[in-house]
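Trainee: structural data only, the sequence is not supplied:
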């Protein structure tokens, strides 16, 4: 089953031209979706990675509302979405228990200097999180996949909402790409958000 | 603000051609059963949700394919009917993009299934895609239902490469739903978690819309029961 599915997925991705980031996004190994055997330990690593992303988003929205001089529309967005990120983080913390990572000390400095910069930073962070989730969600144990799916779909709703406000295409592709954790972390480091 | 659901789009409680296609029953048989008690009959016709763990990836994908075909046809017909051309430019972009994406999803899932892909049913959307207002209302409900369906089936899939691929479609459907909601002035992300629906529940909703018009012929005559 696995063999034909992967082969066909790869062909389909190439033929449909729908999956950006290379057909490799859909294959095991070497791609952006790294398939490892699901286990409690793997779950903890992945969920902590997701928790970092939720903490960063929560912080951006909280700080943006405090310091960002946001437009009314963006402020309404941040007031709705910020608490959703808090709920996502709380869910992950509950799931991780004692293994939950500490909250990062993120400084969004430059992103808070104007509404436009905040908007650009938020789009970047939302898209990064979505690609990170897509890349790792399938590696979770069955019990965790379901809940993460219902959280990921909300991340995608948030991104589309934000892009609508920015006048950017809310759904720019027929299938969203995956990003591997090392790329995601390197990107966050380049933004000065993690050390 | 009134929440839009696909259930509210078609309130006609008359019985449902779609069911036979999805449940492998004839329409007449379904009608007889339904006369005995609608909702109860629906639940006996459908596989119980607890059986979902045993549903094959091929069966799940084929249901997904039917659903993507439903959506793709809905948007394509709206283009052909001129419904989309009658909209504001911003709404045209939205409707055309969603149509293109749903058609791409059909292509992707068909290729994944290869020869195992099921036949395309005929759809009848009635008035639901012939006016701007009806089209928009239905599209919002349909996109939200797709998110509910995909979040429900993703954890049922056995193959993890397939799970990963479906996650990348799920996020696009969620973007569609949020975009649609933004256009009608409803909160695009109304809750921190979406509520998944089982295949069984989605079948029930689809059945009530009567959007799936054609039942394929029974593939085989019923065999006499072997009683010895």
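Mentor: Now that the structure is in, tell me what you want to look at. Keep in mind that what you see is a predicted model, and the values were worked out from it rather than measured.
Trainee: most centrally placed residue in chain A?
Mentor: Centroid check for chain A by CA atoms, centre = their mean gives residue A:129 as the closest residue, at 1.4 Å.
Trainee: how much space between that residue and chain B?
Mentor: Distance of residue A:129 to chain B, given as CB to the nearest CB, to the nearest Å: 10 Å. Using the backbone N, CA and C atoms, a C-beta is placed for each residue, glycine as well.
Trainee: and that residue, which helix or strand is it part of?
Mentor: helix A:115-136 (DSSP states H and E).
Trainee: please apply the same query to residue A:164.
Mentor: helix A:142-166.
Trainee: distance from that helix to the middle of the chain?
Mentor: The chain centroid and the centroid of helix A:142-166 are separated by 8 Å, computed with CA atoms, centre = their mean, to the nearest Å.
Trainee: and after it, which helix or strand comes next?
Mentor: For helix A:142-166, the succeeding helix or strand toward the C-terminus, using DSSP H and E, is helix A:181-190.
Trainee: elements contacting that following helix?
Mentor: Judged by 3 or more CB pairs under 8 Å, 6 or more residues apart in numbering or on different chains; DSSP states H and E, helix A:181-190 is in contact with helix A:40-67, helix A:115-136.
Trainee: tell me the contacts of residue B:102?
Mentor: Taking CB atoms under 8 Å, 6 or more residues apart in numbering or on different chains, we find residue B:102 in contact with B:68, B:71-72, B:74-75.
Trainee: buried residues, the helix holding residue A:129. List them.
Mentor: Buried residues in helix A:115-136, defined by neighbour count with 16 or more other CB atoms under 10 Å in any protein chain shown: A:115, A:117-119, A:121-123, A:125-136.
Trainee: in a markdown table, list the helices and strands packed on helix A:181-190 along with mean pLDDT.
Mentor: A markdown table is the format used below for these (pLDDT from 0 to 100):
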| stretch | mean pLDDT |
| --- | --- |
| helix A:40-67 | 95 |
| helix A:115-136 | 96 |
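Trainee: could you list the low-pLDDT ranges of the chain?
Mentor: As the question left the chain open, I've gone with chain A. A:1-36 (pLDDT under 70).
Trainee: if you could check chain B rather than the one you did, that'd help
Mentor: Looking at chain B by pLDDT under 70, you get B:1-54, B:214-228.
Trainee: now the helices: where do they sit in it?
Mentor: Along chain B, the segments classed as helices by DSSP state H run B:6-9, B:17-23, B:27-35, B:38-45, B:57-80, B:89-113, B:132-153, B:160-184, B:199-209.
Trainee: hmm, back to that, most surrounded residue in the contacts of residue B:102?
Mentor: Counting neighbours by other CB atoms under 10 Å in any protein chain shown, the top entry in the contacts of residue B:102 is residue B:71, with 26 neighbours.
Trainee: thinking again about what came up before, right, and the helices of chain B - which one's nearest residue B:193?
Mentor: Among these, helix B:132-153 comes nearest to residue B:193, with 8.8 Å by CB to CB.
Trainee: residues in contact with residue A:108?
Mentor: Going by CB under 8 Å, 6+ apart, residue A:108 touches A:59-60, A:63-64, A:121, A:193.
Trainee: again, only using 10 Å
Mentor: Residue A:108 is in contact with A:56, A:59-64, A:67-68, A:117-118, A:121-122, A:125, A:191-193, counting by CB atoms under 10 Å, 6 or more residues apart in numbering or on different chains.
Trainee: from residue A:106, how far out is residue A:186?
Mentor: Separation of residue A:186 from residue A:106 (CB to CB, to the nearest Å): 16 Å.
Trainee: next: residue A:185.
Mentor: Distance from residue A:185 to residue A:106, counting by CB to CB: 13 Å.
Trainee: so which of these two has more stuff around it?
Mentor: Just comparing residue A:185 and residue A:106: by other CB under 10 Å the higher neighbour count belongs to residue A:106, 21 against 17.
Trainee: element containing the more buried one?
Mentor: Here residue A:106 sits in a region with no helix or strand, counting by DSSP H and E.
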